[in-house]
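S.K.: here are the coordinates; sequence isn't available:
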């Protein structure tokens, strides 16, 4: 998920079984958590909408955006010929060129999916003030102050926490079965970069597992790329060779899940189910559902309203989701445990970054200034610890949790 700062059914009362677990995070949201539609109206015939993607359908990250875009356009009644997708657009001037081409083609709203697209989307927004530019994972909209440039994200850290709970349940089962000793409960994580988005993701995943197995540790390796199947597979194999008994990831190919399937090591994937390719090792996956944001932004633009400068998906928007739990691999009771923890997240009785749940250099944090109003020097500017927890994605949609907590070992930090 391509952010260098930092990628439907609901669990109701009495829910059982392995039906899809849809949840959305409880982070801040300029729309006050209201459902992101305008009453289900559809845009006028002929309204055009564009999407710019870093990669294509071979990337699980971009595929997630593309599938949601197609779903949203169908819901909105926008014809196939009026919804335009540009793939394999690098994080450079090519993004501006793609945005300009879409604007010239008549697109009223243009989305982009990768962090490095931001400056070029801003450039296009300044040149085409009549077009709305919506950028996922970015950080600058709330400080740029452009009426037609917007950022969006979702509190995916809550989805990763729940995926971590599923991982912890599996580890606990392995310990109880004698497959591993308690001090061998070590997970591995393949990350793309050492950015806050990745740090927030692997930390929330770890804390979810730790809430079940307090002794758990985790090694993290980085590839230096959002999409490199060979490097991701090699990273997973390195972690497995180092004694990691369960693997997760924040990278966009099938490299890590494939390595896990080949080695028979349980895997928690990201951005969608890998069940078909990895039936013997896949447990669950979390992902951001972008369809609600597409629908909200297009409907708001159609109605002449103001799109939020910095929008965060919430429980009410259905923006953070879990796939079906693969009960053939997951520990018994995983679905019910996830439902229990999700209810706590929804009620506010559970916080992912509860400062009582982790330490940094052996110390419990009582204060932390985060880099929320991003500048070139990444200057800390906002107090984000209050009421006993780190308030991730509440002061800005894109993640800013960048702490290195105890229990997580970074094998390399070159990226």
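M.R.: Received the coordinates, thanks. What you are looking at is a predicted structure, and each value in this text was computed from that prediction instead of being measured. Numbering: from 1, shown residues only.
S.K.: check contacts around the closest residue to residue 56 other than its chain neighbours.
M.R.: In space, and not counting its chain neighbours, residue 56 is closest to residue 87: 4.0 Å by C-beta to C-beta, 6 or more residues apart in numbering. Any C-beta I mention is one placed from the backbone N, CA and C, and that applies to glycine too. Residues in contact with residue 87 (C-beta atoms under 8 Å, 6 or more residues apart in numbering) are 53, 55, 56, 57, 62, 66.
S.K.: Most widely separated two among these?
M.R.: 55 and 66 (9.8 Å; C-beta to C-beta).
S.K.: Check this structure for me, the residue farthest from its geometric middle.
M.R.: residue 178 (33.7 Å; C-alpha atoms, centre = their mean).
S.K.: Against which helices or strands is the longest helix anywhere in the chain packed?
M.R.: If you go by DSSP state H, the chain has its longest helix at helix 156-176. Counting contacts by 3 or more C-beta pairs under 8 Å, 6 or more residues apart in numbering; DSSP states H and E, helix 156-176 packs against helix 196-210, strand 246-250, strand 267-270, strand 282-288, strand 320-322, helix 334-347.
S.K.: The last one: what's the following helix or strand?
M.R.: The reference is to helix 334-347. strand 369-370 (DSSP states H and E).
S.K.: elements contacting that next one?
M.R.: strand 382-383.
S.K.: picking up where we left off before, tabulate the helices and strands packed on helix 156-176 (TSV), appending mean neighbour count.
M.R.: TSV is the format used below for those (neighbours: other C-beta atoms under 10 Å):
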stretch	mean neighbour count
helix 196-210	27
strand 246-250	31
strand 267-270	28
strand 282-288	28
strand 320-322	24
helix 334-347	18
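S.K.: The ones you listed: which one's closest to residue 110?
M.R.: Going by C-beta to C-beta, the one of the helices and strands packed on helix 156-176 nearest residue 110 is strand 282-288, 18.9 Å.
S.K.: what distance separates the closest one from the centre of its chain?
M.R.: 11 Å (C-alpha atoms, centre = their mean, to the nearest Å).
S.K.: Can you list the strands that it pairs with?
M.R.: strand 267-270 (parallel), strand 320-322 (antiparallel) (DSSP bridges).
S.K.: The one helix or strand residue 125 maps to: what's the following helix or strand?
M.R.: According to DSSP H and E, residue 125 maps onto helix 118-127. Later in the chain than helix 118-127, the nearest helix or strand by DSSP H and E is strand 132-136.
S.K.: Need the residues that contact that next one.
M.R.: Counting by C-beta under 8 Å, 6+ apart, residues outside strand 132-136 touching it are 65, 99, 108-114, 117-118, 121-122, 124-125, 141, 148-153, 290, 293, 297, 301, 307.
S.K.: hmm, try it at 6 Å
M.R.: Applying C-beta atoms under 6 Å, 6 or more residues apart in numbering, the contact partners of strand 132-136 are 109-113, 118, 121, 125, 148-152, 297, 301, 307.
S.K.: Quickly run through the sheet partners of it, with directions.
M.R.: By DSSP bridges, strand 132-136 pairs with strand 107-112 (parallel), strand 149-154 (parallel).
S.K.: Please work out which of the ones you listed is packed deepest.
M.R.: strand 149-154 (a mean of 28; mean count of other C-beta atoms under 10 Å).
S.K.: List the buried residues of stretch 58-68.
M.R.: For stretch 58-68, a neighbour-count test (16 or more other C-beta atoms under 10 Å) marks 59, 60, 61, 62, 63, 64, 65, 66, 67, 68 as buried.
S.K.: coming back round to it: the strands paired with strand 282-288: which one's closest to residue 192?
M.R.: strand 267-270 (10.7 Å).
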